[in-house]
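Asker: here is my input; please provide its structure:
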Amino acid sequence: MDTPSQINRMDLPPGPRNAALQSLLYMQNPYGYMARMRSRFGDIFSMPSMNGMLVLVNTPEAAQEILSGGTKDFDIGFGVDLLSHLLGSNSLLLLAGDAHRRERKILSPVFHGHRMKAYAPAMQRSALDRSAEWLPGETIVMQNEMQSVSLDVIIRAVLGVTEPERLAVFREAIRHAVSEVSPWPLFLAPLRHEFFGVGPWARFMRHKRAFDSLLAEEISSARSHPLPGEDILSRLVDSTDEEGNPLSDSAIRDHLVTLLIAGHETTATALAWAFYEITRHPEIERWLLDEITALGSEPDPVELADLPALHAVSREALRLHPIVPEFFRTVKNGYRLQNWDIPPGVVLAGSILSIQQNPELYPHPERFDPQRFLQRDFAPHEFAAFGGGHRYCLGSAFALSEMSVVLGTLLPRYALHAPKKRPLKTVRRHITLGPEGGAALQVIAQRFGPARH
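Answerer: Model (predicted):
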């Protein structure tokens, strides 16, 4: 990719200069940065970064143009070399062209709708197990609680691990690997050195190697079983490419890491935001409880996963609080966007933050209003939390099902309260965005509800 200095700024929309400063300002406050740049330069502006030149687009119309483009127009988005240190070069998130199409075809069957139903009981069980420790009067950090729930769900679903001791081992390994993902080494190449075992990159690499060793054990164990299980690892071991060849251990490892890390962190954050917003809107909480109790005293988790009201709440939480602020595409051979001819090597970045705050699409966009998702469907260029086009998130159905099951299981059991009256700020959490302080909520009471399992 061309560097900012190699691309002629005259060919690009106007924008700020000084890559290091812009990267710093953006990382510290994405929402504030986007608002300032839009007021100064308009809905489409360029931005130099330490890893290449970006063109930020902030309207649904421009986003639709980008998402309708295909592999002939665009390469993989932004930061491939950065994320490959964590996810691996075979990760679906980092592949492009024929390689991406091939691996996506292999992975798609494991995310078919009927398979999501098989995971619903594990989602409910994980939520009940974790919430058993909640006591009236205590304050819980919902981000941490939901991360524990989502970790257990993803470990069970992806690896098929159910033994408590082994679950605990993987839980700690993933937590360590994620907690050591500092954005600074990822965005600043000079910091990606181990420095004789000292510093954030050295810690990250130690935990990564330990995590990889555990995954290698699970892959070897799965290969030794003659019949595949329902977990995703078993399905990957049993899969073949278009030539009939089995997947390599390294390819399986990279797919597993992508699912384990990206799959649990994002869903946990979305759940934390959803619980927080529900506690701040009693009328929405009452509406949800009515919808849930209409399913009976002990709703089947599959019914919860399909409940429209819970899906609407989940989508609205992701609209108001997107976990990832942009989607990216790298221009291959030049691309005409609106009135601009974008040169090769420039990265087009669709601002999910701006698109999902568009008042023409979402009246009163600052409000938490799940009903809007029951009144109409939104296209990927209007609701971009799961991306769009040929790179639409394969795990979207899994994430929405998990959010519905967890919300539907815990809301009838616990009354929660947000102790802080002012709205929580959005802060950077590793390489994603999340609620300030992890969304601390107080357990007011344990409601009468379905019996624990």
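Asker: going forward, measure contacts between C-alpha atoms and count neighbours the same way
Answerer: Will do.
Asker: what's next to stretch 147-166, contact-wise?
Answerer: By C-alpha atoms under 8 Å, 6 or more residues apart in numbering, the residues outside stretch 147-166 that reach it are 119, 122-123, 126-127, 130, 167, 170-171, 218, 229-234, 256, 259-260, 263-265, 267-269.
Asker: tell me how far whichever helix or strand residue 147 is part of is from the chain's mean position?
Answerer: Secondary structure assignment for residue 147, by DSSP states H and E: helix 142-159. In terms of C-alpha atoms, centre = their mean, to the nearest Å, the centre of helix 142-159 is found 13 Å from the chain centre.
Asker: give me the mean pLDDT for it.
Answerer: For helix 142-159, mean pLDDT is 91.
Asker: do the same with stretch 108-120
Answerer: 77.
Asker: in the stretch 351-453 of the chain, which ranges drop under the pLDDT threshold?
Answerer: 430, 448-453 (pLDDT under 70).
Asker: so where do the helices sit in it?
Answerer: Per DSSP state H, counting those that start in this stretch, the stretch 351-453 of the chain carries helices over the ranges 352-355, 372-375, 396-410.
Asker: could you pick out the longest helix of the chain?
Answerer: helix 200-223 (DSSP state H).
Asker: name the residues of that one that are buried.
Answerer: Neighbour-count burial for helix 200-223 flags 200-205, 207-208, 211-212, 215, 218-219, 222-223 (criterion: 16 or more other C-alpha atoms under 10 Å).
Asker: tally of neighbours for residue 242?
Answerer: 11 (other C-alpha atoms under 10 Å).
Asker: name the nearest residue to it, ignoring sequence neighbours.
Answerer: Spatial nearest neighbour of residue 242, chain neighbours left out: residue 102 (7.6 Å); criterion: C-alpha to C-alpha, 6 or more residues apart in numbering.
Asker: over to that neighbour. Which of the three states is it?
Answerer: Classification of residue 102 by DSSP: H, G, I helix; E, B strand; the rest coil places it in helix.
Asker: quick one on the thing from earlier: which members of the contacts of stretch 147-166 are classed as buried?
Answerer: Applying 16+ other C-alpha under 10 Å to the contacts of stretch 147-166 flags 119, 122-123, 126-127, 167, 170-171, 218, 230-234, 256, 259-260, 263-265, 267-269 as buried.
Asker: which ones among those are found in helices?
Answerer: Short answer: the buried ones among the contacts of stretch 147-166 in helices (DSSP H) are 119, 122-123, 126-127, 167, 170-171, 218, 232-234, 256, 263-265, 267-269.
Asker: OK, contacts around residue 316?
Answerer: 368, 369, 370, 373.
Asker: for stretch 394-405, give me every contacting residue.
Answerer: Residues contacting stretch 394-405 (C-alpha under 8 Å, 6+ apart): 108, 111, 113, 116, 120, 123-124, 263, 267, 270-271, 301-302, 304-307, 310-311, 314-315, 386.
Asker: just the CA coordinates of that stretch, formatted as CSV?
Answerer: What follows is stretch 394-405, C-alpha atoms only, in CSV (Å, rounded to 0.1, in the frame of the first residue of the first chain):
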residue,chain,number,x,y,z
LEU,A,394,-20.9,-14.9,9.2
GLY,A,395,-21.5,-14.9,12.9
SER,A,396,-24.3,-12.3,13.0
ALA,A,397,-27.0,-14.8,13.6
PHE,A,398,-25.0,-16.5,16.3
ALA,A,399,-24.4,-13.1,18.0
LEU,A,400,-28.0,-12.0,17.9
SER,A,401,-29.2,-15.4,19.1
GLU,A,402,-26.9,-15.3,22.0
MET,A,403,-27.9,-11.7,22.9
SER,A,404,-31.6,-12.7,22.8
VAL,A,405,-31.1,-15.9,24.9
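Asker: chain center to it, what's the gap?
Answerer: The chain centroid and the centroid of stretch 394-405 are separated by 11 Å under C-alpha atoms, centre = their mean.
Asker: ok, now which ones touch the closest residue to residue 383 other than its chain neighbours?
Answerer: Counting by C-alpha to C-alpha, 6+ apart, residue 383 lies nearest to residue 356, which is 6.1 Å off, once chain neighbours are set aside. Applying C-alpha under 8 Å, 6+ apart to residue 356 gives the contacts 319, 320, 362, 365, 382, 383, 384.
Asker: redo that, cut-off 10 Å
Answerer: Residue 356 is in contact with 58-60, 316, 318-322, 362, 365-366, 381-385, counting by C-alpha atoms under 10 Å, 6 or more residues apart in numbering.
Asker: in stretch 237-254, what's buried?
Answerer: 237, 238, 239, 247, 249, 250, 251, 252, 253, 254.
Asker: likewise for stretch 348-367?
Answerer: Those would be 348, 349, 350, 351, 352, 353, 354, 355, 356, 357, 358, 362, for stretch 348-367 by 16+ other C-alpha under 10 Å.
Asker: and the third one, how far is that from residue 203?
Answerer: To residue 203, residue 350 is 33 Å away according to C-alpha to C-alpha, to the nearest Å.
Asker: ok, the last one next?
Answerer: Remark: distance between residue 362 and residue 203 (C-alpha to C-alpha) = 43 Å.
Asker: re the thing from before, just curious, which of the buried residues of helix 200-223 is nearest to residue 35?
Answerer: residue 200 (31.4 Å; C-alpha to C-alpha).
Asker: show the model's pLDDT score for that closest one.
Answerer: Reading off the model, residue 200 has pLDDT 66.
Asker: repeat for residue 53
Answerer: Confidence score, pLDDT, at residue 53: 88.
Asker: tell me which helix or strand it sits in.
Answerer: Assigned by DSSP H and E, residue 53 falls in strand 52-57.
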